[in-house]
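Trainee: coords please:
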Amino acid sequence: MARYTGPKAKIARRFGEAIEGYSKALQKKNYPPGMHGRGRRKKQSEYAIQLAEKQKAKYIYGVLERQFAKMFDIASRKQGITGENLLQLLESRLDNTVYRLGISPTRRGARQLVSHKHILVNGELVNIPSYTLKPGDVVSVRERSKSLEAITNSLAGKSTRYSWLEWDNTSLAGKFVSIPSRDDIPENIKEQLIVELYSK
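Mentor: Model (predicted):
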């Protein structure tokens, strides 16, 4: 199962944002990693800015290059704005929805819960993190996994609600009500730069 397993703090420092959750390193060293981090030239080429935006989106959603390129291809063939379609596809992933519902505090953790067969979709076991949800799909925690400490702790600290999702705390099940609009997606991604990069 291919995924990024390197240091999270280094990624956060590279983009100057808490990409994979809060990082102390970002406060202590607010400059890019590497021996030339402090003295790195400020002016970047147009290509470098576009590439950085694509890399940031990949790290945020935990998607590797080939899968990301495939998703962009699907987004470009759909009706509507390509950049918005891409973010909607990323938000519709099962691992991302498990994270958004609060079943896991991180996307990495959500991916692991799906892979380890703790999550059901419409009552059926699904262990593919990249599974694309459709409006009306119900995501729930498997009966024998409801007492897992990682899940109960995460749900206890859950505070954020999203307009395209519904959550029932008694049955530990959430509904993917609709595909989110760009305004609803909170991630700081300039998707137009990604579209420009792929259209070269």
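
Trainee: mind listing what the residue nearest to residue 129 when sequence neighbours are not counted touches?
Mentor: Nearest in space to residue 129, with sequence neighbours left out and distances taken as Cβ to Cβ, 6 or more residues apart in numbering, is residue 95 at 3.8 Å. All C-beta spots, glycine's among them, are computed from the backbone N, C-alpha and C. By Cβ atoms under 8 Å, 6 or more residues apart in numbering, the contact set of residue 95 is 62, 107, 110, 111, 114, 129, 130.

Trainee: any idea which of these is closest to residue 153?
Mentor: If you rank the contacts of residue 95 by distance to residue 153 using Cβ to Cβ, residue 110 comes first, at 13.8 Å.

Trainee: how near is residue 127 to residue 6?
Mentor: 24 Å (Cβ to Cβ, to the nearest Å).

Trainee: who has more neighbours, the two?
Mentor: Neighbours were counted for residue 127 and for residue 6 using other Cβ atoms under 10 Å; residue 127 has more, 13 against 8.

Trainee: my read: the more buried one touches residue 116, true?
Mentor: Yes. Here residue 127 reaches residue 116: they are 7.4 Å apart, a contact under Cβ atoms under 8 Å.

Trainee: chain center to the longest helix along the chain: distance?
Mentor: For the chain, the longest helix by residue count, based on DSSP state H, is helix 46-61. Helix 46-61 sits 14 Å away from the centroid of its parent chain (Cα atoms, centre = their mean, to the nearest Å).

Trainee: please renumber so the chain begins at 660
Mentor: Yes, from this point I'll number from 660; that puts the last item at helix 705-720.

Trainee: just the buried positions in it, please.
Mentor: In terms of neighbour count (16 or more other Cβ atoms under 10 Å), helix 705-720 has its buried residues at 709, 711, 712, 713, 714, 715, 716, 717, 718, 719, 720.

Trainee: can you check stretch 831-845 too?
Mentor: 831, 832, 833, 834, 835, 838, 839, 844.

Trainee: quick check: the fourth one touching residue 796?
Mentor: This points to residue 834. Yes. Residue 834 is within contact range of residue 796, at 7.3 Å (criterion: Cβ under 8 Å).

Trainee: any low-confidence regions in the chain?
Mentor: 660-662, 669, 671-677, 679-701 (pLDDT under 70).

Trainee: now the residue positioned nearest the centre of it, nearest residue through space, not along the chain?
Mentor: The centre of the chain sits closest to residue 720, judged by Cα atoms, centre = their mean, with a distance of 2.8 Å. Nearest residue to residue 720, sequence neighbours excluded (Cβ to Cβ, 6+ apart): residue 749, at 4.7 Å.

Trainee: which residue ranges form the helices in the chain?
Mentor: Using DSSP H, helices in the chain cover 667-674, 683-687, 705-720, 724-736, 741-750, 753-759, 766-774, 808-815, 850-857.
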